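Colleague: pasting the sequence and the predicted model now:
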Amino acid sequence: MRVMVLVHATPQSEAEQFDDPEVLAEFEAMGKFNEELVKAGIMLAGEGLTPSSQGKRVAFGPSGTPSVIDGPFTEAKELVGGFWVWQVSSMDEAVEWIKRAPFRDNVIELRRVYEESDFEGKVPSEIIEAEAKLRDQVEQQQ
């Protein structure tokens, strides 16, 4: 199963305090943790995100009309600051891995990624097949 691991932003990540020795030590520790994930065959992808001050939100009203909202956004604890996509055998395994991560004073969210089989019998097969074709196209582009 694939699991998306969402790392919440912190005041430090929103401020891009990369010159802080404590933040640099955290980067180093996270690099070592990422190495463990790669060696174990768990990590499929992982990236950090720039601060919300460099982002945008697009809100869609009841009629579907989009409205663009420029960052920064309030409540850093509600913002995603980075993510991983992991391949694990169970959610319990994902929880065991994240417990080993070098985080302090943060909340990490783990969510299972839907698989094609989750939609069988619930969504018309034409839609499932069309999505599978799109995924194949994306893989071929990489």
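Modeller: Structure received.
Colleague: and residue 60, what does it touch?
Modeller: By Cβ atoms under 8 Å, 6 or more residues apart in numbering, the contact list for residue 60 reads 66, 67. Just so you know, the C-beta spots here come from the backbone N, C-alpha and C atoms, and that holds for glycine as well.
Colleague: does it have beta-bridge partners, and which?
Modeller: Taking DSSP bridges as the rule, residue 60 bridges to residue 66.
Colleague: change the start of the numbering to 53 and stick with it
Modeller: Taking 53 as the first residue, the last one we looked at is residue 112.
Colleague: got a pLDDT number for it?
Modeller: Model confidence at residue 112, given as pLDDT, is 96.
Colleague: kindly report the same for residue 175.
Modeller: At residue 175, pLDDT is 90.
Colleague: surely it is in a strand?
Modeller: No - with DSSP: H, G, I helix; E, B strand; the rest coil as the criterion, residue 175 is coil rather than part of a strand.
Colleague: how many residues are close by it?
Modeller: 12 (other Cβ atoms under 10 Å).
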